[in-house]
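# here is a sequence together with a model predicted from it:
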Amino acid sequence: MKKKIKICHIVPSNFGGGVESAAKSFISYSSDKFVFKVYFIKTSEKQNSLLSIFKSLQYLFRNNPDIILISLWKSSLLALIYKFFNKNVKLILFFHSTKNIHLIDSFATNLTALLSFEIWADSDTTMSERINNLYFFKFYEKLILNNKKKRIISFVKEKIPPLPEKSCKSTFIYWGRLCPNKNIDKAIRLFSKIHALEPNSKFIIIGPDNGVKELLQSIVTKMNLVDNVFIYDFMNFDEIKKYAKKSSFFIQLSSFEGMAMSVSESMQLGLIPIVTNVGQIKIYCQNYFNSLIFDKNEEEIIKNIFKLISSRSYYKKMRENSINTWVNSSTYKTDLAKNFEEISNYF
């Protein structure tokens with residue numbers, strides 16, 4: 001009997017975003033052809049980074065995977081070190097964002113792209129923008145990257161039943177990382193103008209702090225919104241849904257994105273997304289059809305929010321369109337299993 005291929009997906013933990021959430025939804029899998037496991041790089045204030053890398057390398061040498069699926073730059077650095085000692089391991093680079101976040105990310109990503117067996121992405125936009133921005137050994141990349149297999153993996157974590165329909169109100173929610181590129185401060189300022197028109201408006205913000213929570217809390221205090229804007233730490237999705245039941249709109253005004261998992265989750269639940277036209281969002285969100293696109297015209301956005309609140313038929317139709325956007329989409333789990341089945345045939 002043919003030996004099963006061993007596949008390891010390396011994901012930094014305590015990241016708190018869609019990547020970690022997706023990985024936790026599909027931690028292990030076994031078929032006739034391969035065994036798949038997720039390994040989380042433990043990163044915390046209590047644990048030294050070098051110790052974390054050492055323990056992670058211990059895991060890889062002990063398990064000796066045939067394929068390493070790499071998500072985010074810390075995974076790239078770890079996989080590159082391991083490949084230095086094990087030339088036979090195949091690397092698959094998985095893009096989740098259209099941009100690098102800093103110089104180390106840029107270096108690690110470019111080098112991993114050169115050495116990778118395949119390149120995956122969470123959407124067509126993520127793939128095209130990230131590939132076009134690779135610059136490390138540019139001439140060689142063009143020769144090498146053209147010969148690499150590229151795959152799009154659905155970043156719909158699961159099919160989510162919509163929440164019961166209710167009347168549309170000026171109730172807003174965001175869940176995801178509290179980090180600079182999500183522009184949550186801008187969302188709060190937009191909300192403050194809505195609140196000035198409707199004092200009973202509420203805005204719930206949920207997510208792990210990635211460097212901006214203190215700033216957000218200070219903005220809420222300065223704008224006298226402490227009774228209307230509520231900031232909560234990370235929650236699992238079942239807990240998030242309890243707050244989503246009380247909401248009509250999902251706000252995410254990111255400066256850049258990949259697939260944007262939380263936006264797709266909110267739409268499946270039946271919320272109306274208010275989003276910027278970035279990443280794959282610009283493909284699946286259509287202004288006035290299934291979402292409201294924020295293009296710096298706050299007056300226009302606010303006008304359409306209150307139009308939805310005052311018109312049950314308009315709200316109902318947009319809500320249906322938002323839900324139906326994802327009815328025929330595949331899921332992250334299905335795509336991973338299907339593609340690894342195919343790759344296993346190469347060994």
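Alright, I've got the coordinates. Numbers count the residues shown, from 1 in each chain.
# ok now do I10, which residues does it touch?
In this structure, I10 makes contact with Y39, I41, S56, I68, L69, I70, S71, S75, L78, A79, judged by CB atoms under 8 Å, 6 or more residues apart in numbering. C-beta: built from backbone N, CA, C; applies to glycine.
# quick one, strands of the stretch 51-200 of the chain?
Chain-ordered strands for the stretch 51-200 of the chain, with DSSP state E, counting those that start in this stretch as the definition, fall at 67-71, 90-95, 118-121, 149-152, 171-175.
# so which of the ones you listed is nearest I323?
When the strands of the stretch 51-200 of the chain are ranked by distance to I323, counting by CB to CB, first place goes to strand 171-175 at 16.3 Å.
# buried sites along that closest one?
Neighbour counts using 16 or more other CB atoms under 10 Å place T171, F172, I173, Y174, W175 of strand 171-175 among the buried residues.
# beta partners of the last one?
It refers to W175. According to DSSP bridges, the partner residues bridging W175 are I206.
# quickly note the distance from it to T221.
Look at W175 and T221: by CB to CB, to the nearest Å, they are 22 Å apart.
# next: the third one.
In this view, I173 and T221 are 20 Å apart by CB to CB.
# mind listing what's buried in stretch 74-91?
Taking 16+ other CB under 10 Å as the neighbour-count basis, stretch 74-91 is seen to contain the buried residues K74, S75, S76, L77, L78, A79, L80, Y82, K83, V89, K90, L91.
# which of the residues you listed lies closest to K33?
For K33, the nearest member of the buried residues of stretch 74-91 is K90. The distance, counting by CB to CB, is 14.5 Å.
# surely the closest one and F117 touch.
Yes - counting by CB atoms under 8 Å, F117 is a contact partner of K90 at 3.9 Å.
# overlap in contacts of the two?
Among the neighbours of K90, those also in contact with F117 (CB under 8 Å, 6+ apart) are I67.
# surely S167 touches R312?
Yes - here S167 reaches R312: they are 7.0 Å apart, a contact under CB under 8 Å.
# out of these two, which sits in the busier spot?
Here S167 and R312 are compared on neighbour count by other CB atoms under 10 Å; more neighbours surround R312, at 12 against 9.
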